[in-house]
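Student: pasting the structure only:
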């Protein structure tokens, strides 16, 4: 009995040293399949012509590198067919997250907000199973020559039945913001 | 409201028992004295009752009692006093026996946990204790909820389901919580991580407020929370209790039970708790997704190997699933600003449900403890302890494409602790307690989350040695000690920049601490304690290496690899005195200076991501001061009336930048008035009481330090009625409690949910218990 007792701390110590002496394994870098790194807003004139392309890219997620924003110019008093594409570019080839949003259209909605100085309006061109707007496809109509910010927001689990939400008013939508980017749009 | 009998006497008595056994003699006497555990004052006219003989006696005016002509044999004694619960005591009578019984008549004043009634536990530590009966009465609450009854303890919450204690303005990494002597491992750094401890398993829960905490493992800066279990009673019969509690708000059900049995070969105790609660309701609307489930079990086995060696094994399992208010789950800064302006939180349902949805947490915690005590020659003793813990935490967020059932945070932590403590008494009343402790922690992120971890994988190794000297010189009691610990943290981080790389960091820290305390008993009714300590705390893993979006604080958090140790000096003065036998006062003041105080500093710029802008917080260091006062007063204007008053204030200041510290509790005052009715037939302990709590508004905060100014002060009214029906050898008790009687609408500064929703409204609680 006594012998065993005196050996106990020695045994514990040796076990501990053994554990400590070997290095902690490298962690598995998680596959961030939910990550959205890139938003591409393509605006094709309804009457035909070269599309305008706006992109917002933030590859490191919450990391410290600043996002890259590419803006474009639009023509005054013109209607455009807008299309939003969401990508995860950390993998090759890039993952198309737009498909995930389409699959869960009832739980998502895009909102478009033009600054007061910008003469442009966006309307929805696609709808979920309940006939409520989604916004991956949309129509943008420019007015007179102007310049200003256009904010595009994607809400997850918004209250799509709340007042004004179906008309694109974000105020009562709630939910979590999955995307919130701002482009500077020049209408000339 | 009384607590345990000094169990050391049981051991003493047992030794007496073995000396001589005779079954025929009926001329023995059982005599003794009844004293108040908190004040050491005699308890006059207390009653003693022997169950087996159905006879008893009443103590005299100074608490002494005598039972004559008792036959040898086994007896269950019952001790009772006005305002106290009956205490049971088992006695194997074989000689004239003298016992001293301590009843905790003034629980609020209990300043020490009596673990096995050892002499050395009579230290100069400044602490407050909550006893078993109060723990049981509140067993529907969390550990922090029970601790809130101690003056100077506040609760930091994330909604109503997650709470952790704040002592003298400090919490999280700076408070050590010891569950049955083992420092609670797990993810204690998180403000939204509650300690995984079931209070119902405990016999005493105490808060050590002074600096004399050197013997306790853990990385604290002064205050320690002790959750202690008594030894199993030597009584060879099966005893136990079971309680059912119902909460009207959230339709909560709690069922718990405890069984224990002594014996020559083995003593055992088993406790279990089951809890289920649904959505709670604040005045006007449901707090959707605020339910919880809990299932806990613990087993304690004790074996006296011989007169010199005792062994003990303890195992506990804690399991919980907690829902977090759906409306408090937000994306970026815009969402937060929008949620703050809402009258009723987003996602509020107009019906009650028990269902738990994301966001939610599932936590499982195992603790295994083994302890051997050896008595050596000449007042020496050795104690070996092993404590192993396994913590599995999964947090689920609202996510896209069915990922709600994939945790967004998934951590598995194991830790192993080994300790050897040597005690010796030499000279006249000089006690030396010294020990070595080794602790090893391994923390691993499960990559199933698909999200970069906030906290890296790491291993931490800690080796410590301490020595404490205590000298009992009559009216003066001294205690001095020192502690050294070496800590190494090996972290394996994943970069937040691209391409993702694995980086290893290795930081050794040498921490030391010294402390001293002097307790001076100026008179029988006046005791003064001065306690001072200096200690270092090395930065924890989250402070050094956290990186990424912390959903719990709606911000991006960045650790700081260059952090140095915090250096804390704390000075505490406690005055305990009584005036007559009616008024008891405990007044405590403290001052603490923390150099290199680590805190999360909000940055001027926001971090822009594709999800929008997020506030950025970086761990920084500054110099801080904390000072405050705890006041406790109990007054008995007449025999059956008792009044209790508790007040606490604390001030925290960042002295380098001349700013207030954040998350400092505001001033609070608690008062209660109770009346004990005369026993009515078999109904005893018939009490009625009312209580009120006022919490002031936290005015010491600058607007730029928070998203929202602190909420207004509030007053809550509560009431309790209780009775106990005494049967032959068992008891049925009933308690009826009401909280927030006026259904007051309020928010609390220390609850993160204050941005989104009001606190819960009125709650009526019914408790029925059976004790045998």
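Tutor: Arrived safely, thanks for sending. In this text, all values refer to a predicted model and were calculated from it rather than measured experimentally.

Student: and the residue in the stretch 551-700 of chain B that chain A sits nearest to, bridged to which residues?
Tutor: Per CB to the nearest CB, residue B:612 is where the stretch 551-700 of chain B lies closest to chain A, at 3.0 Å. In this view, the C-beta of every residue, glycine as well, is placed from N, C-alpha and C. Per DSSP bridges, the residues bridged to residue B:612 are residue B:609.

Student: Equivalent analysis for residue B:32, please.
Tutor: residue B:65, residue B:99.

Student: so who does it touch?
Tutor: Contacts for residue B:32 (CB atoms under 8 Å, 6 or more residues apart in numbering or on different chains) come out as B:64, B:65, B:97, B:98, B:99, B:100, B:101.

Student: Let's see if you can find the most crowded of the residues you listed.
Tutor: Counting neighbours by other CB atoms under 10 Å in any protein chain shown, residue B:101 leads those with 23 neighbours.

Student: Please name the nearest non-neighbouring residue to the residue in chain A that chain B sits nearest to.
Tutor: Sorted by distance to chain B under CB to the nearest CB, the residues of chain A start with residue A:180, at 3.0 Å. Once flanking residues are discounted, residue A:180 sits nearest to residue B:612: 3.0 Å by CB to CB, 6 or more residues apart in numbering or on different chains.

Student: Make sure residue B:759 is actually in contact with residue B:743.
Tutor: No. Checked against CB atoms under 8 Å, the pair residue B:759 and residue B:743 is beyond contact range at 10.8 Å.

Student: Of these two, which one has the most company?
Tutor: A count of neighbours by other CB under 10 Å puts residue B:759 above the other of residue B:759 and residue B:743, at 23 against 14.

Student: sorry, back to before: what do residue B:759 and residue B:743 both touch?
Tutor: Counting by CB under 8 Å, 6+ apart, no residue touches both residue B:759 and residue B:743.

Student: so where do the strands sit in chain A?
Tutor: A:38-45, A:52-57, A:68-70, A:73-74, A:79-88, A:95-96, A:108-114, A:120-124, A:137-142, A:146-156, A:176-187 (DSSP state E).

Student: Would you mark the buried spots in the last one?
Tutor: Which is strand A:176-187. Residues of strand A:176-187 classed as buried by neighbour count (16 or more other CB atoms under 10 Å in any protein chain shown): A:176, A:177, A:178, A:179, A:180, A:181, A:182, A:183, A:185, A:187.

Student: OK, contacts around residue B:262?
Tutor: Taking CB under 8 Å, 6+ apart as the criterion, residue B:262 is in contact with B:90, B:232, B:233, B:234, B:235, B:236, B:237.

Student: mind checking how far the fourth one is from chain A?
Tutor: Separation of residue B:234 from chain A (CB to the nearest CB, to the nearest Å): 24 Å.

Student: Measure how buried that residue is and give me the count.
Tutor: The number of residues near residue B:234, taken as other CB under 10 Å, comes to 20.

Student: Let me know the pLDDT of it.
Tutor: Listed pLDDT for residue B:234 reads 79.

Student: which SS state does it fall under?
Tutor: Put simply, residue B:234 is coil when judged by DSSP: H, G, I helix; E, B strand; the rest coil.

Student: hang on, residue B:278 packs against residue B:323?
Tutor: No. Judged on CB under 8 Å, residue B:278 makes no contact with residue B:323 at a distance of 9.0 Å.

Student: Touching both of those two, which residues are there?
Tutor: With contacts taken as CB under 8 Å, 6+ apart, the residues that reach both residue B:278 and residue B:323 are residue B:291.

Student: More neighbours: which of these two?
Tutor: Neighbour tally, residue B:278 and residue B:323, criterion other CB under 10 Å: the higher count belongs to residue B:323, 28 against 22.

Student: The stretch 601-750 of chain B: strands as residue ranges?
Tutor: Under the criterion DSSP state E, counting those that start in this stretch, strands of the stretch 601-750 of chain B are mapped to B:612-638, B:641-654, B:659-660, B:668-676, B:683-695, B:714-726, B:731-739.

Student: Need the three-state assignment for residue B:274.
Tutor: Criterion first, three-state DSSP; result for residue B:274: strand.

Student: circling back: check contacts around the residue of the stretch 551-700 of chain B closest to chain A.
Tutor: Taking CB under 8 Å, 6+ apart as the test, what residue B:612 contacts is A:153, A:177, A:179, A:180, A:181, B:331, B:332, B:333, B:334.

Student: same deal with residue B:727?
Tutor: With contact taken as CB under 8 Å, 6+ apart, residue B:727 is in contact with residue B:682.

Student: ditto for residue A:151
Tutor: A:112, A:113, A:115, A:180, A:181, A:182.

Student: To what extent is the closest residue to the first one other than its chain neighbours buried, counted in neighbours?
Tutor: Leaving aside its sequence neighbours, residue A:112 sits nearest to residue A:122 (CB to CB, 6+ apart; 3.8 Å). Using other CB under 10 Å, residue A:122 is surrounded by 21 other residues.

Student: For the residue nearest to residue B:277 when sequence neighbours are not counted, the count of nearby residues, please.
Tutor: In space, residue B:277 comes closest to residue B:252 once its chain neighbours are excluded; the distance is 3.5 Å by CB to CB, 6+ apart. Burial of residue B:252, expressed as a neighbour count using other CB under 10 Å, amounts to 20.

Student: ok, now which ones touch residue B:252?
Tutor: B:140, B:245, B:246, B:275, B:276, B:277, B:278.

Student: Mark out where each domain of chain B begins and ends.
Tutor: Here the domain parsing of chain B from automatic domain parsing is B:8-104, B:199-290+B:306-771.

Student: Any stretches of the chain with poor pLDDT?
Tutor: Going with chain A. Low-confidence regions of chain A, defined here as pLDDT under 70, cover residues A:1-22.

Student: Sorry, I should have been clearer: chain B.
Tutor: Short version for chain B, where the test is pLDDT under 70: B:1-24, B:37-40, B:83-86, B:104-124, B:211-212, B:217-218, B:552-553.

Student: at contact distance from chain A, anything in the helix or strand that contains residue B:472?
Tutor: Under the criterion DSSP states H and E, the helix or strand holding residue B:472 is strand B:457-473. Yes. Using CB under 8 Å from any CB of the partner chain, strand B:457-473 reaches chain A at B:457, B:458, B:459, B:461.

Student: For that strand, list every residue counted as buried.
Tutor: Here strand B:457-473 shows B:457-464, B:466-468, B:470, B:472 as buried, counting by 16+ other CB under 10 Å.

Student: Also stretch B:499-519?
Tutor: Per 16+ other CB under 10 Å, stretch B:499-519 contains these buried residues: B:507, B:509, B:511, B:513, B:515, B:516, B:517, B:518, B:519.

Student: and if you look at stretch B:650-666?
Tutor: Neighbour counts using 16+ other CB under 10 Å place B:650, B:651, B:652, B:653, B:654, B:659, B:661, B:662, B:663, B:664, B:665, B:666 of stretch B:650-666 among the buried residues.

Student: quick one: contacts for the last one?
Tutor: By CB under 8 Å, 6+ apart, the contact set of residue B:666 is B:695, B:696, B:697, B:698, B:699, B:710, B:713, B:749.

Student: By neighbour count, sort out the buried ones in those.
Tutor: If you count burial by 16+ other CB under 10 Å, the buried members of the contacts of residue B:666 come out as B:695, B:696, B:698, B:710, B:713, B:749.

Student: what's the nearest residue to the fourth one if we skip its chain neighbours?
Tutor: Put plainly, it is residue B:710. residue B:698 (4.0 Å).
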